[in-house]
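Undergrad: The sequence and its predicted three-dimensional model are supplied below.
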Amino acid sequence: MSVNDRRNWLKHGSSLRLVILVLWLVCYVGNGQTIGDSSDFENPAVLPLATQIVYRKLSNSTAALNRELGTRAKFCVKDPDADWNRAFNFSTNLDFISSCLQKTGGDIGKRICTAAEMKFYFNAFFNKSNNPSYLQPNVNCNLTSWVSGCEPGWGCSVDPTEQVDLQNSKDFPKRRSNCMSCCEGFFCPRGLTCMIPCPLGAHCPLATLNKTTSLCEPYTYQLPPGRPNHTCGGANVWADIRSSSEVFCSAGSYCPTTTQKVPCDSGHYCRMGSTSEKPCFKLTSCNPNTANQNMHAFGVMVIAAVSTILLIIYNCSDQILTTRERRQAKSREAAVKKAKAHQKWKSARVAAKKHVSEIRAQITRTFSGKKSNHDGDTNKMLGRVDSSEVYEDLDLSKQHSTPESSSAAQFSIEIEDDAACGSLETEGKRVKGHKVKKTRSQIFKYAYDRIEKERAMEQENKNLTFSGIVSMATNSETRKRPLMELSFEGLTLTLKSSGKHLLRSVTGSMRPGRITAVMGPSGAGKTSLLSALAGKAVGCKLSGSILINGKRESIHSYKKIIGFVPQDDIVHGNLTVEENLWFHAKCRLSAGLSEADKVLVVERIIDSLGLQAVRSSLVGTVEKRGISGGQRKRVNVGLEMVMEPSVLFLDEPTSGLDSASSQLLLRALRHEALEGVNICMVVHQPSYTLFKTFNDLVLLAKGGLTVYHGSVNKVEEYFSGLGITVPGRINPPDYYIDILEGIVISMGNSAVGYKELPQRWMLHKGYSVPPDMRNNSAAELETNLDTGNHSHTNAEQTFVRELWGDVKSNFKLRRDKIRHNFLKSRDLSQRRTPTMWLQYKYFLGRIAKQRMREAQLQATDFLILLLAGACLGSLIKASDESFGAPGYTYTIIAVSLLCKIAALRSFSLDKLHYWRESASGMSSSACFLAKDTIDYFNILVKPLVYLSMFYFFTNPRSTFFDNYIVLVCLVYCVTGIAYVLAIFLHPGSAQLFSVLLPVVLTLVATQPKNSQAIRILADLGYPKWALEAFVIGNAQRYYGVWMITRCGSLMKSGYDINEWNLCIMILLLMGAVTRGIAFVGMIILQKK
């Protein structure tokens, strides 16, 4: 045999021996067998193969255990495979297995715990009565058999002849021979004689004896007494952080393997149980061996930046709206100047043509010697229809023109402007020949041209000459409104609770185009009469008949064209005069009306009420001064005038106004009456000039009885017929009211007492007099009835019966209010107002403006949240034992309280405004949805502001996005609860409950769930679900060595790691349900 052949044979023989050795390892080591000579593991080719084989068996064993835990511990294991991979995937470094192979001489397979032994160990954690450090007796460790391997940190091997199946074993093998200390990277519990691999994130080195404390450090167990040859072993336990913190990789270091611990470098931080170091945030600092980032500099920068932004918002919140209003004002002023100049030019042209016409007529008469009748008036009338004098403005409203007016206007009408003219479509129809540019300046010019023209016409028709009457009759540009005549007969209004008459046998009518004043002393039922006619009398029994245009129909069928001005000035104080009027115009005028016509209506009302000087001024509130009281009263009236009603009720509109303001208001109402509006108003002691402005008068006596109902011009004549003459220099309405009050007793030559006046009026008009009034005056009858009833009540009724009667009356009144709110009637107004979604758009714009003007208050809310997040984040550190539950608990209380109080303002401050708007026919759904939509800005931004401090100060393991989602859902939920409190309670009570609810419900949610009642109460409160979502989101980031701690904490709290989505859905559901309750309450509890 040659030398080369011999070398090849030796080479192949060596490879053959290696293959045989590997096959032997697979057959014996893999099945728990040992090797006779441990020197084979010194071979660098054999050790890695043996290590891989042992690791494969170990992986199968731990995977079986993990599946068992995944089945039994579903509440804390979301993904068993992922949890196993993060806890027992040692594939990147198997040095601890190789070291154990060398230490044990290859019988590591006989020392590793089987699946049955692992289950036995981990089952102790689910049995709350047992301590994991002290296991129950088993076949290897009991009272009769306690070998060295039963001590903590030590383990034993099975007999050489016994086969061990690590994965499928269901019984304990007898493991009592060759006991020795546990290998590094493994732990050997007390009471078990086998080894279990330490999970990733743990540090399990061999222990050393501290002779001072007699403890095996870094662990906490001691050497057993009476065994001098026993030494410290390896790790002895893996449990939760409280009972086995020594096994966890210490904070400030990270453990890439279970036998290696590396200090954290500068610029990085390492939490407890980390397997790698994490880089610090760019704006933070991290010293070596640190567990958390130093966020103080970052916090100061964030607070400074956010505070600067909030200060800018605080000081410049109105700038956007102010700039926009200034631009509109410039366009409007330019239009006014052009309109006035245009009207002056037209007036001069009309005067010149008139003069020329008169000269022509004079010359004709001179040469012909004839005179024409009514020459001047005829020329005036002809001048109105001459083609050269037809208005050059555009009529943008629907008109029913006669053939004569159509033939007179066959030419093209154009609006003069520097820009090119376009075309305009009016109410969905293209107007031929009417060319206009759809710009704001063009629309303003159109409106003011019309206003100036109307002023000129009023001035021309002031004396009501023949030509003026003809002009008023033939003017086709005046928009006519549906005429409504109200007539009532035997109208009686009685309180259901006490049976007291507020009105009695009131008969009369109110005609369109006339202003009716309702007067009388206090308690005469003036406001009750308006409420009865407007369909707003609640808690009363109404008898008699009310006819609309001679038909018995419900007044609610015409609510879209009926205006009601309340006695209180219910106007949005944080809107300007123009914005208040515009909102009502857009929501209540016909949806088909063009933008130009709406501008005309609003500008006409502003001009007629004398509000031009304050149109861009805020109305003002109690805290913030705005316009004067008289101007506010006129704005209150203008809100109803701007919707162009057919019937207008006013409850004391002149109260608090001086004579000049009252005259201005009555002049505007007079203009409305000329357009066919039926106006009825309650007035207290008007001046004589104001009194003569009215067309009709309704004079009521105490008890709601009619004393006079007719023309104002005939009232003195009527009372003179009764012998009641007004003395000189005394205002007639004041004198009549003094008589009805009983102040004026001597009425001259009159033989009629003031108590007989209602009966005299009935006889004068031929009305039937009630039987009980034929022999007694109404006042005496009322006094006798009241006295009799009270004496009878005091004599026979007890206090309890009286209290029960009051409770029943209040219940009936509330029931009547709810029925009234849900009263439905068919619409006969023939006015198609904007749809709910279009009104939603208008509400959205209005509320957005209000919030922009309240930006200072919003900035304050954000600043408080920012400081709350900084304080709580710096004072409460994230706890690994409870996964940050204490910090999240205080977060829920703080955020709920602050956001809930802020959300109360959405409905608490606007109740009266909503009641008025809803009663006028505006959509309640649009109002509620718009307020809720605007609040979504706070729902999304406030959690961001709070977490910008709290999250970075506490630095939890859960992501910023997870915390943000939970906090958004929490704010959404508490905002809905705030809506309910604001609608159902008074402002003071709502604020009190907003403070108490978060505290009480959070305390209930954190209590031990020992009783069913506490558990149910906690489930009904939102803090339980918010806290569970926070804790679950954080607990999901704890894995590896933290797995037992996670399961123990979640089991103690009663949480399920798989219920994060459920918690989010429940918070959203609570928010939606509370919003539904709030909406129903808003409709039920509204006062119309």
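TA: Arrived safely, thanks for sending.
Undergrad: Tell me the spacing between G525 and D568.
TA: Distance from G525 to D568, counting by CB to CB, to the nearest Å: 19 Å. For glycine as for every other residue, the C-beta is placed from the backbone atoms N, C-alpha and C.
Undergrad: So for those two, which residue has more residues nearby?
TA: For G525 versus D568, neighbours defined as other CB atoms under 10 Å are more numerous around G525 (24 against 11).
Undergrad: Touching, the more buried one and L493? I think so.
TA: Yes: using CB atoms under 8 Å, G525 is in contact with L493, at 7.2 Å.
Undergrad: what is in contact with these two at once?
TA: 502-503, 704 (CB atoms under 8 Å, 6 or more residues apart in numbering).
Undergrad: Between those, which sits nearest V941?
TA: L502 (51.3 Å; CB to CB).
Undergrad: ok, the closest one - how many residues close by?
TA: 21.
Undergrad: Neighbouring strands of the helix or strand where it lies in the sheet, and parallel or not?
TA: In the assignment (DSSP states H and E), L502 maps to strand 501-510. The pairing partners recorded for strand 501-510 under DSSP bridges are strand 486-495 (antiparallel).
Undergrad: Check which residues of the host helix or strand of V995 are buried.
TA: In the assignment (DSSP H and E), V995 maps to helix 987-1005. Residues 990-991, 993-994, 997-998, 1001-1002, 1004-1005 are the ones in helix 987-1005 that count as buried (16 or more other CB atoms under 10 Å).
Undergrad: Quick one: list the elements packing against it.
TA: Applying 3 or more CB pairs under 8 Å, 6 or more residues apart in numbering; DSSP states H and E, one finds that helix 987-1005 contacts helix 885-903, helix 960-984, helix 1012-1020, helix 1022-1035.
Undergrad: Looking at the ones you listed, which is nearest to N731?
TA: Comparing these by CB to CB, helix 960-984 comes nearest, at 46.3 Å.
Undergrad: Check which helices and strands that closest one sits against.
TA: helix 885-903, helix 905-908, helix 924-954, helix 987-1005, helix 1022-1035, helix 1060-1084.
Undergrad: One more pass at 10 Å, please.
TA: helix 885-903, helix 905-908, helix 911-919, helix 924-954, helix 987-1005, helix 1022-1035, helix 1060-1084 (3 or more CB pairs under 10 Å, 6 or more residues apart in numbering; DSSP states H and E).
Undergrad: if we can go back for a sec, what's the closest of the shared contacts of G525 and L493 to G520?
TA: For these, the nearest to G520 is G704 (8.9 Å; CB to CB).
Undergrad: can you pull the contacts of that closest one?
TA: The contact partners of G704, by CB atoms under 10 Å, 6 or more residues apart in numbering, come to 491-494, 500-506, 520, 523-526, 528-529, 532, 758, 778, 782.
Undergrad: Apply 6 Å and report the result again.
TA: For G704, the contact set (CB atoms under 6 Å, 6 or more residues apart in numbering) comprises 501-504, 525.
Undergrad: now it: how far from L493?
TA: Distance, G704 to L493, using CB to CB: 7 Å.
Undergrad: what is in contact with these two at once?
TA: What both G704 and L493 touch, as defined by CB under 6 Å, 6+ apart, is the set 502-503.
Undergrad: What lies in contact with stretch 977-990?
TA: With contact meaning CB under 6 Å, 6+ apart, stretch 977-990 is reached by 900, 903-904, 907-908, 993, 1074, 1077-1078, 1081-1082.
Undergrad: could you dump these to TSV with distance to T212?
TA: Putting the contacts of stretch 977-990 into TSV (distance: CB to CB, whole Å) gives the following:
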residue	distance to T212
K900	57
A903	62
L904	64
F907	70
S908	68
F993	60
T1074	63
I1077	68
A1078	68
G1081	72
M1082	74
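Undergrad: export those residues to TSV and tack on distance to I555 and pLDDT?
TA: TSV is the format used below for these (distance: CB to CB, whole Å; pLDDT from 0 to 100):
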residue	distance to I555	pLDDT
K900	41	92
A903	37	91
L904	35	92
F907	29	89
S908	31	85
F993	39	92
T1074	35	95
I1077	31	94
A1078	30	93
G1081	26	89
M1082	24	87
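Undergrad: which among these gets closest to T231?
TA: K900 (63.1 Å).
Undergrad: Can you get me a residue count around that closest one?
TA: Around K900 there are 26 residues (other CB under 10 Å).
Undergrad: My guess is it contacts S994. True?
TA: Yes: applying CB atoms under 6 Å, one finds K900 in contact with S994, separated by 4.3 Å.
Undergrad: about what we covered before: and the strand holding L502, how far out from the chain middle?
TA: 45 Å (CA atoms, centre = their mean, to the nearest Å).
Undergrad: For that strand, which outside residues touch it?
TA: Outside strand 501-510, the residues touching it (CB under 6 Å, 6+ apart) are 486-487, 489-494, 516, 525, 528-529, 678, 680, 704-706, 709, 767.
Undergrad: how about a cut-off of 7 Å?
TA: Strand 501-510 is contacted from outside by 485-495, 516, 525, 528-529, 532, 540, 678, 680, 698, 703-706, 709, 767, 770, using CB atoms under 7 Å, 6 or more residues apart in numbering.
Undergrad: before we move on, what about stretch 870-889?
TA: Contacts for stretch 870-889 (CB under 7 Å, 6+ apart): 241-242, 272, 299, 303, 890-891, 894, 949-950, 953-956, 1002, 1006, 1027, 1030-1031, 1034-1035, 1038, 1049.
Undergrad: if we can go back for a sec, and which of the shared contacts of G525 and L493 is nearest C969?
TA: Of all these, L502 has the smallest distance to C969: 51.4 Å, by CB to CB.
Undergrad: Tell me how far the closest one lies from K496.
TA: 11 Å.
Undergrad: Show me the helices in the stretch 51-200 of the chain, by range?
TA: 80-88, 95-104, 108-111, 115-126 (DSSP state H, counting those that start in this stretch).
Undergrad: Kindly reformat those as TSV and extend each row with distance to S874 and mean neighbour count.
TA: Shown next, in TSV, are the helices of the stretch 51-200 of the chain (distance: least, CB to CB, whole Å; neighbours: other CB atoms under 10 Å):
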stretch	distance to S874	mean neighbour count
helix 80-88	31	18
helix 95-104	41	20
helix 108-111	50	26
helix 115-126	35	19
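Undergrad: of all those helices, which lies closest to L1068?
TA: helix 80-88 (27.4 Å).
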